[in-house]
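J.: coordinates only, no sequence provided:
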C-alpha cells in the first residue's frame, strides 16, 4: 500500500490543502512539501524545521498540522525510518497534544506518526509511552472518524504485542471497553474490524495471560466469531509500522 494513495495523510484522505500555506519549489523551504509528496522525497535535513513548526506554532493550526504531517511522512519511508532522529529532535512530546485535536485530520496524522515511533525498538516505544501515549489512545478508539479509530486499533495491537508490561499498561488505561466496541461494530470498512480484532488477540495472548474473568472470558467469544469473518490464518504479534493492515503482512 502506498503512503497517501490509500492510507494517506489527512490532506490526501479528505481532499484538502492546508489553509494559507504558500507552495514553493525551493527544496529548502518546509512548505515546498505537501500531502502528495512521497515520503522519500521529504528531506530529513528539514526535520528540525518541521519540529520547530510544532514547538513554535503559537496558535497557528496550519503550522501544527504541517509539522505533524511532515514528521509522519519522514517516519513512513520504506527503509530505515529515522525514528531515533525524530525522538532526538524532541518531536514525541510535541505530538501528544495533537492527539486531542482540534481536528480528526490532525489526530490521525499524530497517531500515525507516534505509532511508527512505537513500532521501533522497545526502547523507542518506551519514549512514546513515557510521554503519555497509552492513555491518549483510549478516546481515539471511540473517535467519530473511522480512520482515527482504525489507526488507534493498529497502535494498540503493536504496543500490546511488545510484551506483558506494555499490555498491562493498556489494560490499566481502560483500553478494553472501547476496543471491544470497535471489534463488535459493523463498520463498512472491514479493515477497521480486522485491526480491532488483531489488537484484541494481542491483548489476550501475551503471557502471562490477563485476568480470565474480567478480560479473557469476555473477549474470546468475540475474537473467535470475528476471526471466522475477517481474519487471516495467522496473526503477527507486532505488525510493524503503520503502512499495511496486519492481514497483508
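T.: Structure received. Not measured: the values here are computed from a predicted model.
J.: those strands in this structure, which residues are they?
T.: With DSSP state E as the definition, the chain shows no strands.
J.: pLDDT weak spots in it?
T.: For the chain, the stretches with pLDDT under 70 are 1-25, 188, 209-249.
J.: how is it divided into domains?
T.: Recorded structural domains for the chain (assignment: automatic domain parsing) are 1-131, 133-249.
J.: just the helices from this protein, written as ranges.
T.: Secondary structure of the chain, counting by DSSP state H: helices at 10-14, 47-55, 61-75, 83-88, 91-95, 104-118, 122-130, 133-140, 146-160, 164-173, 176-184, 190-205, 217-230.
J.: how about the ones you listed in CSV, adding mean neighbour count and distance to residue 37?
T.: Every residue, glycine included, has its C-beta placed from N, CA and C. Compiled in CSV, these are given as follows (neighbours: other CB atoms under 10 Å; distance: least, CB to CB, whole Å):
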stretch, mean neighbour count, distance to residue 37
helix 10-14, 19, 10
helix 47-55, 20, 12
helix 61-75, 25, 7
helix 83-88, 18, 17
helix 91-95, 23, 18
helix 104-118, 27, 14
helix 122-130, 17, 25
helix 133-140, 21, 26
helix 146-160, 27, 20
helix 164-173, 17, 33
helix 176-184, 20, 31
helix 190-205, 24, 25
helix 217-230, 14, 33
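J.: just so I know, which of those lies nearest residue 33?
T.: Evaluated with CB to CB, these place helix 61-75 nearest to residue 33, the distance being 6.2 Å.
J.: tell me what the closest one is packed against?
T.: Under the contact definition 3 or more CB pairs under 8 Å, 6 or more residues apart in numbering; DSSP states H and E, helix 61-75 sits against helix 10-14, helix 47-55, helix 83-88, helix 91-95, helix 104-118.
J.: again, only using 7 Å
T.: Contacts defined by 3 or more CB pairs under 7 Å, 6 or more residues apart in numbering; DSSP states H and E place helix 61-75 against helix 47-55, helix 83-88, helix 104-118.
J.: correct me, but residue 159 touches residue 165?
T.: No: contact between residue 159 and residue 165 fails when scored by CB atoms under 7 Å: they sit 10.2 Å apart.
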